[in-house]
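> return a 3D structure for these sequence lines:
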Amino acid sequence: MKSLQIALALLAASVAAHGQPVGPARAEFLPVLEKVADYQITAMAAGLNPIKTGEGYPNPRGWVQAALFVGLTELADRSANPRYRQLILQRGEANQWRLASRKYFADDQAIGQAYLWAARNGAGAAAQAEVKAELDAILASPSSVALEFTEHREGQGLQALGCQARWCWSDSLFMAPALWLELSRQTGDARYAEFAKKEFRATTAYLFDADEGLYFRDSRFFSRRDAQGRKVFWSRGVGWAFAGLARMMDRLPAGDPDRAQMAAVFQRMAARLKALQKPDGYWAPSLLANGPDTPPESSGTAFFTYGLAWGVQRGLLDRATYEPAARLGWAALLRAVHPDGKLGHVQPVSDRPDQVSADDTQLYGVGAFLLAGTAMADLAAAPPKVAALAPPTDAERTPRAVVRHAPERFDDLLWENDRVAHRLYGPALQQAEPPSGSGIDTWAKKVRWPFMDRQLKTASYHDDHGEGLDYYNVRASRGVGGLGIWLDDKLWVSRNWASHRILKSGAEVASFQVEYAPWPVGTQRRVWETRTFTLPLGTHFTRMQSVIHSDQPGDLIVAIGLGKGATVPGRGSLLANKAQGLLALWEPTDRTRGAMGNAVRVDPGMVEDIGADVDNHLIRIRVKPGVPFVYYIASVWDQGPDFRTREAWEAHITQHKLDFNAQ
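Got it, this is the predicted structure:
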């Protein structure tokens, strides 16, 4: 008990000193983790069964025990106590290294993750052979069940939903994919990895909610709402998926295109989860119903804390943004630990948000706690990993204006020259990382050659590797110069581009054209757009020529925006000049990443007014449907080679000569 009291006291002291929990040194995590693990191991040996519903200790190959053993593998990798390794090996030997009985069911494959760990830690080929044989049987005769986008009835179980044959519930993303990917890594056989990646894509397309950025637990929840009309996202169900993503990515090489797609989903989830965390550090059992009266729940909280800490340590999540949330979650988890090491506030076996008490515990909750604690220990032991960026070749150092379609990055369109770099989100991201939209991203650039492709290959493009980084946050805003139609004091915007055509790339000019599918403006009108982007060498200004069509006659008020507070919280320094058709925002200086300046310029003769909505500063112009018009966007980073101060930047964008004649 003394070690647990020490860790809690250290945490409390750090909260008092810093106003937020600061993780203790790595050595202080292990006593707490070992105490919680030891309590659960002793309880299992005594036959003390905390199960209230569902399966329990009688199934040593089942998912309940499997989740505990997955956590124990991470503890065994870090603890000097040999008992955790011995227990994992003994469980595998007692199970004869066999998976549970249902051939395709992800839950019944989960225990194999511990077996493959054992294969690398003393058990040898026997621990791998049985897993390989059972997965080979699936590859030889894959399930023919289709994932259909239909909602199933209340009262149907996973078997009725077809989920014993396909990964069509969120928990499955933790249970099975890491097993397949690890077997691929151990054997060198890519078939296992390809199967896992294909099934992950199908599951994500089926269950990932396009608006909330969270996984539904299963199809029964597609249209379910609580008493207040909110969607129901079960904390542990989402947690299984979030933790599963981390475990999948750990088993894929950094340059794998599917890993990049997983990272995009993971980052989108992290942003949403951070916003949903309660002030006490817990996440509510139903994530959107997160009022102050909701009970603590430790299993979902543990999975989220694990994912956030893992993501920061791997360089996928910004440390300043997400480490405080991970620490806050860990502090909440420590409060759920009883003096004897029992982990409380674990919602019992279920498939939806339910009641939970301080005395409720379960093996999978302990497994999640061990994952969270070991990830926090790793974060305390070493700074986040930042992938190295290889020096550019002589050819790569050549200044040029380029545009590229990046299907491996969810259809991003990337364009840059020797001064500036931008990104436009594509249709694939609209499905995988909602609510992405038609706002325009800008990157902080400090070199004269194209760097975006090279930066993306690091898998940590939000970190500066010497050439720049992406730290501008478009969110739901217009970013740098995205547009919409202004009607009834509201901005009506398109979704991501629907089609594209590259016109010029690789020399003096980068140019491309995109089409935006029709979108509603109010209730009586629809519009659609064709826009051509042109960026020559030697300028910060991208020329936009737009044609907006309408199914109704009459002028349109087009509002072109600059997102508010996209780099760090704060309003920034706004320069608005109606007579010059100018809107510019110098974002507040980030302590480590500097400041960004962004601007929009339009034909002054078209300006109606300058204003704002909740997300954007807006300059509004009057246009006629079907008639092309021209405007420009521009960006700069104060750590780049051109403009280091707001005053110098504003003088440049004000005085720069621009041609607003449509071509």
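
> and residue 515, how many residues sit next to it?
Residue 515 is flanked by 14 other residues according to other CB atoms under 10 Å. For the C-beta atoms, the positions are set from N, CA and C on the backbone; glycine is no exception.

> from residue 427, how far out is it?
11 Å (CB to CB, to the nearest Å).

> now for those two: what residues contact both?
The contact sets of residue 515 and residue 427 overlap at 497, 498 (CB atoms under 8 Å, 6 or more residues apart in numbering).

> least trustworthy helix or strand in the protein by mean pLDDT?
Ranking every helix and strand in the chain by mean pLDDT, DSSP states H and E puts helix 2-18 at the bottom, with a mean of 39.

> in terms of secondary structure, what does the following helix or strand past that one contact?
Proceeding N to C from helix 2-18, the next assigned helix or strand is helix 29-46, under DSSP states H and E. Helix 29-46 sits against helix 2-18, helix 63-76, helix 83-94, helix 363-381, with contacts defined as 3 or more CB pairs under 8 Å, 6 or more residues apart in numbering; DSSP states H and E.

> of the ones you listed, which is nearest residue 218?
Nearest to residue 218, of all the helices and strands packed on helix 29-46, is helix 63-76, at 15.1 Å by CB to CB.

> which strands and helices lie in contact with that closest one?
Against helix 63-76 (3+ CB pairs under 8 Å, 6+ apart) you get helix 29-46, helix 83-94, helix 112-118, helix 172-175, helix 363-381.

> switch these over to a markdown table; also include mean pLDDT, distance to residue 356 and mean neighbour count.
As requested, the helices and strands packed on helix 63-76 are arranged in a markdown table below (pLDDT from 0 to 100; distance: least, CB to CB, whole Å; neighbours: other CB atoms under 10 Å):
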| stretch | mean pLDDT | distance to residue 356 | mean neighbour count |
| --- | --- | --- | --- |
| helix 29-46 | 93 | 17 | 20 |
| helix 83-94 | 96 | 27 | 18 |
| helix 112-118 | 97 | 26 | 26 |
| helix 172-175 | 98 | 20 | 28 |
| helix 363-381 | 95 | 10 | 27 |
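
> could you dump those helices to CSV with distance to residue 204?
Rendered in CSV, the data for the helices and strands packed on helix 63-76 read as follows (distance: least, CB to CB, whole Å):
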stretch, distance to residue 204
helix 29-46, 31
helix 83-94, 30
helix 112-118, 20
helix 172-175, 8
helix 363-381, 21
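
> OK, contacts around residue 295?
Residue 295 touches 284, 285, 345, 355, 356, 357, counting by CB under 8 Å, 6+ apart.

> let's go with 10 Å and repeat that
Applying CB atoms under 10 Å, 6 or more residues apart in numbering, one finds that residue 295 lies in contact with 282, 284, 285, 345, 347, 354, 355, 356, 357, 358, 360.

> closest to residue 491 out of those?
For those, the nearest to residue 491 is residue 284 (31.3 Å; CB to CB).

> kindly state the pLDDT recorded for the residue nearest to residue 209 when sequence neighbours are not counted?
Leaving aside its sequence neighbours, residue 209 sits nearest to residue 216 (CB to CB, 6 or more residues apart in numbering; 6.0 Å). With respect to pLDDT, residue 216 scores 96.

> next, count neighbours for residue 216.
25.

> please apply the same query to residue 509.
Per other CB under 10 Å, the neighbour tally for residue 509 reads 18.

> with residue 639 instead?
Residues near residue 639, counting by other CB under 10 Å: 16.

> could you number the chain from 882 rather than 1 from now on?
Sounds good: first residue 882 from here, last item residue 1520.

> quick one: residue 1422 and residue 1416, what's the gap?
Taken as CB to CB, the span from residue 1422 to residue 1416 is 8 Å.

> same question but for residue 1234, I mixed them up
49 Å.

> in the stretch 982-1131 of the chain, where is pLDDT below threshold?
1029-1042 (pLDDT under 70).

> do a quick rundown of the helices in it.
Listed in chain order, the helices of the stretch 982-1131 of the chain (DSSP state H, counting those that start in this stretch) span 993-999, 1006-1021, 1039-1042, 1053-1056, 1058-1068, 1071-1088, 1116-1130.

> tally of neighbours for residue 1334?
When neighbours are counted by other CB under 10 Å, residue 1334 registers 14.

> wait, I meant residue 1509
By other CB under 10 Å, 16 other residues sit near residue 1509.

> likewise residue 1009?
For residue 1009, using other CB under 10 Å, the count is 21.

> before we move on, what about residue 1273?
For residue 1273, using other CB under 10 Å, the count is 16.

> I figured it hits residue 1346, correct?
No. Using CB atoms under 10 Å as the test, residue 1273 is too far from residue 1346 to be in contact (11.1 Å).

> joint contacts of the two?
Counting by CB under 10 Å, 6+ apart, the common neighbours of residue 1273 and residue 1346 are 1332, 1335.

> out of the helices and strands packed on helix 944-957, nearest to residue 1214?
Across the helices and strands packed on helix 944-957, closest to residue 1214 is helix 1244-1262 (CB to CB), at 6.1 Å.
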